[in-house]
Every structure is written in structure tokens, then in C-alpha cells.
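[1] Got a sequence here, can you model it:
(chains A and B)
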Number of protein chains: 2
Amino acid sequence: MNVRVNGKSRHYRTVTFDADKNALMLIEQRLLPHQFKIVGTRNFHETAAAIKDMIVRGAGAIGATAAYGLAQGARAFHGNDLRKFAKHIDTVYQTLKAARPTAVDPVNAMNDVRRHMSRGETVEEQQALALASAEEFANEDVAHCRAIGEHGSKLVRNGMRVLTHCNAGWLAFVDIGSATAPIYAAHAAGKKFHVFCDETRPRCQGATLTAWELAQEGVSHQVISDNAAGHLMQRGEIDMVIVGSDRTLGRTGEVANKIGTYTKAVLAKRHGIPFYVAIPLSTIDWNLRKGRDIPIEERSETEILGAWGIDSSSKIRNPKSRYVRIANPTSGARNPGFDVTPAELITGIITPAGIFKPQDLWKHRGKLGA
Amino acid sequence: MNVRVNGKSRHYRTVTFDADKNALMLIEQRLLPHQFKIVGTRNFHETAAAIKDMIVRGAGAIGATAAYGLAQGARAFHGNDLRKFAKHIDTVYQTLKAARPTAVDPVNAMNDVRRHMSRGETVEEQQALALASAEEFANEDVAHCRAIGEHGSKLVRNGMRVLTHCNAGWLAFVDIGSATAPIYAAHAAGKKFHVFCDETRPRCQGATLTAWELAQEGVSHQVISDNAAGHLMQRGEIDMVIVGSDRTLGRTGEVANKIGTYTKAVLAKRHGIPFYVAIPLSTIDWNLRKGRDIPIEERSETEILGAWGIDSSSKIRNPKSRYVRIANPTSGARNPGFDVTPAELITGIITPAGIFKPQDLWKHRGKLGA
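    I've put the predicted structure just below:
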């Protein structure tokens, strides 16, 4: 999407590949929203470090980064020996996989690249196929998000007030995003509406990343505390909710997403406000039978006991955000990172293949890549 | 309640009066939880400034501070001229009232003191009555909170996990608190239970003040993000909710309290978890007929766009917390400070006169000081 740099708006993807330099170009997401910077990774070790250190984050974005990283590693190999090359590729694969060991997207993306590579008969052919399929993977990610936007934008009407939670925006993908795709498509179509961004404690991805994205695109929006949506719904000031998903159960329609999503779904149900979840097909889990069995990561207490920010008085042009402690220093915290929203609270799942009732995903699994 | 100072636990009230020095002694609440300090106000101007600058905050605490402040002002008068004295008292009253112009507690407290003073026939008698009635006001605040604790502690059973929101603790009163009163009484009775404190963005009074209070008393507790309670309820990890109230409608049982309270009530209802509101009688509004008519203060964007904390690496012994900006710098915010919870979501209202169904307050208005 667009980023204003030196007063001009320019289009960026979160991840691109510079074939001449054999380098990935990544938006340094840890500096946002306070600083916009592109960093290059010169080899697959640096690319793995960028995933590990969360320079790049978000399912689609780390998938594409791993795909490009595998191509980058492949292209750095010198020689014609296919056996040595295969061993090298294995090292690259394992290095990139180990960068975010619980994430499924890098693995799926790299398996995809490997499958394409295997059709090549020489090292050179395989190297070329690696890059071509990584590019294809990234382009498909964009195409899927665009399709989500096309289906979802029909739901966004003039004058609406739309609530979103966390960041399922273009920064989490290669471009466009999932929950934000209907918003950007409706905005591009000239519709006028307003977005409320839940700040999304503890890491505040709504206040930092989603708000930054919307500001760059010129979409009317305001940040609210996670406590405020209930009141706004009660007063009739929210017309629709759109969120993303980390994992959607194809058999039950349950959605695991950032902590607080379930609460918003409960509130939306009470107030008769439509609650949509926008997802690329890759997040659908066709195997798991019960949302209750989705493991909920318990994250660090540090996130709850403080926050990351910058000095509001800072004279430094591009300040780095840093941690301040907020809570009582002798208190501990609980920090579940995700929650599970049952299908009965979800109005529809917006996918690249169309909008479905969550209970109907299984019935349509043929269309949905099961 | 108790505060550990230099390794020893000592009892404090938020407000006390030093008759020899004609000074109020106040806990400097702006420094909590990072620093515990008592400050003295030497005259009614300083007392008004302490209310205005929020050295002292919370309905009961500012009520008692204003009552003592009026006595302090009265006692500083020299002479026997009753007319001049009355004029002086009026100045003191107006000065203290203007410190928090929308708060009702200082006014009610000072009216109470004035009523008692009027029985005195000389300046000296009125001065003595002023102090005696201010002391009585403060002691009654404590007695009411203690009575809330006695009624409410019966609800707290061994092994329970209790959720609370914001700070309706002893720091908001003279002692004991409202929502915390059942917790402290149950703890004193030797019951074992666990408290989850919502951090309560944007000002985080749960993470700072309530967590500090509970830590000082040795009550088992953890801070959670405002997003987490829904998930914890879903997993069966919360057994009861107790919150305070800024205004309770005697005619309908609706409760206005810190933003996010309504959301917790909706979640509790869905999960069949009892939701209690603990209140001193002074917060009951017997006139207003509709919760919808309670004005909801829209507070500063600054609160939403950042947070107050201290450097976690600070080597300073008693660091002052300061503001850091979190959100995207080109984004704005909405910041409603309160919300209204309807009676149907409230299991019971815990008052000094007993526990009542919210719908029954009006029926029992005789007992409830209407």
C-alpha cells in the first residue's frame, strides 16, 4: 500500500526481492509507527534473523519472506553439484524454519518453493525456479488479499463506522492485508466511512500499525482503548466489526485471533452488529475438531506490566520506541496471547473465494482449498 | 490499609488531619505505585491544589479531603467576629469546590460540615465543630466501606478467582475501599482466593493502584490486559466480578463506572458469572430516570495515544512516571471515560446496608438514604 515519504505517497510491499543484489528489501516494522525504513538482508542468515527479530511479522509477510529467503539461499550457491546443492538447500530451509519455530506459514511457503524447484534438472534451473516460485508465492498472497477486498468491500457502506482489532493489515501480509482489505477496497471505490482501531493491548498493534496504515492511506479513523467499544456499540456508534484470524477451524468455523477478539464478538452479538472475519485460505485448519484444543500461547508478563513508546518531547528525528514499566513493580501478570471465537458469534468469513457462514466452511471445503 | 515501608507494614488512611499543625496528611497518589510518600498541606489553598492536581483522587477520598480542608480553613481564622468568619468560610468553601468543579462528593461533604458548624454560637465553637464533623465524615466513610466488606465478604469463597476493574480501592476512599472491601474482609477472615486486576486502560488504575493495594495487603493477584477477561471466563478461570461505581441510578439500578465495566458485565452474563457492584450510599442518584441521560465525559486523546510509566532500567530510587507516546503520531483518538451498565447484567449491589438486586434499590430507598 501507500506510504508518504518526504511528502510524496509511494507504493510499497512489506517484502520485495532485489534479484541483482540477491537481497530481500523489508519494511523495518519494529520502528513503526515512529519511523519508516527499508532494510536489506544480504543472505539467508540475515533473512532468518529478520524473521526471528520481528523486523517482519504477520503470517503472509513471514511466509513470503521465507519463500524469498529460500530463493536467496539457493541463488547464493556456486557450482553444479546437485547433491551438494540439495544439502545446501536443506541448511537454508532449516535455518529459516528455526527463525519462528511455531509459525506454519514459512514452512508452507518454503515447501511450495521446494516443490517447484524439484522440476529443475540443473542447479541453475532450480535456482531460477526458486526465485520464480517465491515471486509467485508473494504475488498470490497479494491476489488473495485483493480478492478478500473485492468480496468484503460490498459490506462497507457509506457512513458506516467500522471497528477493527489488532493489525490484520498489509504490514502483516505482502500487501493489502486481510481485515483491512475490505476497508482499502471500499476507500478506493470512493466510499466514505470511519474506522475505530482498538489499541489492542498489550502490544498495541492497533494503535501503532493499523492506525499508521490507515493514516498513510488517508482513511478516516480514530484509536480507542480496548475498553471503549462496548460503550460505543451501546450508543449506536459502531456498525460493523472486521478482524483477521490466526487460525480458523474448517470443521467448526471457530476463529483463533488476537486476545480480545472474542470479547468484541460477544459485544457485537448483543448489539446485533455484524461481525466478520477476513482470512486468506492458508489460515484454515481442516484437521482440528475443537476450538478448545487450539493451544493458547501464554506470553511474557513484561508485555502486560508496561508498554513500548517514545518520549513525546523527543527532539530526535527518528526516535526508537522503548519500554516503560506501568504496573505495580511487585505484581505479576497473566498474558494469554489469543482467544477463540465460536462460530455462532461470527456473521461471515470473508475469504478470497467469497463470504461464507462459519458453519459452512466444511461444506464448501472444495472451493476453499481443503 | 497497610503499606510496607522500610520492610514494616503500617496502617495508613489516604487522608488524615494533624490538629496541632492544622495540616492534612495525604498519600501522594500520583507517585504510586513507584513511590510511597505522604505530603502535608499547610492551608486550604494547598488542600484545594492537592484535590485539583489529583494528589488525592477517588470519590470518598476527595470528599473527606474537602471536609478536612473546610475545617482547616475555619481553624486558620483569627478573631471573634462571626460575620467575618462566615465570609471567610464561604471563601474556603468556594476555593475547595472549584478544585474539582464537576465532583459532587466535596460539595456534599462540605455541606455536611457546614450544617454541623452552624450549631456553634462562637467562632471557637464553630471551629471545633468543623473539625469534629470532618473527622466524623471521614470515620463514617471508613465505617461504610467496612460494612460493604462485611456484607460482600460472604460472597467470596475459598478458591475463587475474582475479577475487578479500575481502582475502587482504599486509595479512592479514606480506607478499605468499595469494590476491594469484600476482598480485604475475606482476606482478613483467612479465605484463600485470587484476584485478577484489569489493567484498565487508558490510565491503568488497575495495574498501578489496585495491584499496589493488593500487593501491600498480601492478597494473591495478577494484572491482566482489558482484552483477557473474556478468554479467562470462557476457560472457566473467573468465578466472580466486583467493581465500583461512580453513579448508580436509584430508580433503575443502572451503574455508571469506568469505561470497560459494561463490557465485563456483558461477558459475565454470557458465562453465568455473578457480577457485583459495591457502592457507598453517596453514589446513588435518586433523581435521574435513565442511564442514557448520564453525561459521559469525553477525556483527552493524550490518554489513549500513550501511557505513563517509568524506565524499567531506572537507577533512581524513587522515579517519577512520565508519558510516552505509543500510537501512530498522525492518528487521533476517542476517549469516553465511563460507560453505563444496565441492571439486568448486575447480580447485586453491595451497599453498607446490605446486598440488593439493582432493580430493588428504589423499593428499599428508605434503608438506602434516599
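
[2] Could you use CA atoms for every contact and neighbour count after this?
    Fine.

[3] which residues in the stretch 201-350 of chain A form helices?
    For the stretch 201-350 of chain A, the helices defined by DSSP state H, counting those that start in this stretch cover A:205, A:211-217, A:229-234, A:261-270, A:301-305.

[4] got a markdown table for those helices, with mean pLDDT and distance to B:K84 too?
    A markdown table is the format used below for the helices of the stretch 201-350 of chain A (pLDDT from 0 to 100; distance: least, CA to CA, whole Å):
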| stretch | mean pLDDT | distance to B:K84 |
| --- | --- | --- |
| helix A:205 | 96 | 61 |
| helix A:211-217 | 97 | 59 |
| helix A:229-234 | 98 | 50 |
| helix A:261-270 | 98 | 59 |
| helix A:301-305 | 97 | 54 |
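
[5] Would you format these as CSV with distance to B:I304 and mean neighbour count included?
    Shown next, in CSV, are the helices of the stretch 201-350 of chain A (distance: least, CA to CA, whole Å; neighbours: other CA atoms under 10 Å in any protein chain shown):
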stretch, distance to B:I304, mean neighbour count
helix A:205, 13, 25
helix A:211-217, 12, 22
helix A:229-234, 13, 22
helix A:261-270, 18, 24
helix A:301-305, 16, 21
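
[6] To B:R146, which of the ones you listed lies closest?
    Smallest distance to B:R146 across the helices of the stretch 201-350 of chain A (CA to CA): 30.6 Å, for helix A:301-305.

[7] could I get the helices of the stretch 201-350 of chain A as JSON lines with distance to chain B?
    Shown next, in JSON lines, are the helices of the stretch 201-350 of chain A (distance: least, CA to the nearest CA, whole Å):
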{"stretch": "helix A:205", "distance to chain B": "9"}
{"stretch": "helix A:211-217", "distance to chain B": "5"}
{"stretch": "helix A:229-234", "distance to chain B": "5"}
{"stretch": "helix A:261-270", "distance to chain B": "5"}
{"stretch": "helix A:301-305", "distance to chain B": "6"}
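
[8] And these: which comes nearest A:E124?
    helix A:211-217 (39.4 Å).

[9] and the closest one, what other elements does it pack with?
    strand A:2-5, strand A:221-224 (3 or more CA pairs under 8 Å, 6 or more residues apart in numbering or on different chains; DSSP states H and E).

[10] Show me where the stretch 101-250 of chain A has its strands.
    Ranges of strands within the stretch 101-250 of chain A are A:161-164, A:194-198, A:221-224, A:240-243, A:247-249, based on DSSP state E, counting those that start in this stretch.

[11] rank these by mean pLDDT and give me the bottom one.
    The stretch with the lowest average pLDDT out of the strands of the stretch 101-250 of chain A is strand A:247-249, scoring a mean of 94.

[12] Sheet partners, orientation included, of that strand?
    strand A:255-258 (antiparallel), strand A:284-285 (parallel) (DSSP bridges).

[13] Can you tell me what sits against the longest one?
    Applying CA atoms under 8 Å, 6 or more residues apart in numbering or on different chains, the external contacts of strand A:255-258 come out as A:165-166, A:244-249, A:291, A:294, A:337-343.

[14] next one: the last one
    Contacts with strand A:284-285, where a contact means CA under 8 Å, 6+ apart, come from A:R247, A:T248, A:L249, A:G250.

[15] Give the rounded mean pLDDT of it.
    93.

[16] remind me which residues of chain A are low pLDDT?
    Low-confidence segments of chain A, defined by pLDDT under 70: A:314-318.

[17] Report all helices and strands that the helix ranked longest in it contacts.
    Determined from DSSP state H, the single longest helix within chain A is helix A:123-152. Secondary-structure packing of helix A:123-152 (3+ CA pairs under 8 Å, 6+ apart): helix A:59-75, helix A:105-117, helix A:181-188, strand A:348-351, strand A:354-356.

[18] can you give me the strands for the stretch 251-370 of chain A?
    With DSSP E, counting those that start in this stretch as the criterion, the stretch 251-370 of chain A has strands spanning A:255-258, A:275-278, A:284-285, A:306-311, A:322-325, A:332-333, A:338-341, A:348-351, A:354-356.

[19] Now render the strands paired with strand A:247-249 as JSON lines, adding mean neighbour count.
    Putting the strands paired with strand A:247-249 into JSON lines (neighbours: other CA atoms under 10 Å in any protein chain shown) gives the following:
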{"stretch": "strand A:255-258", "mean neighbour count": "26"}
{"stretch": "strand A:284-285", "mean neighbour count": "21"}
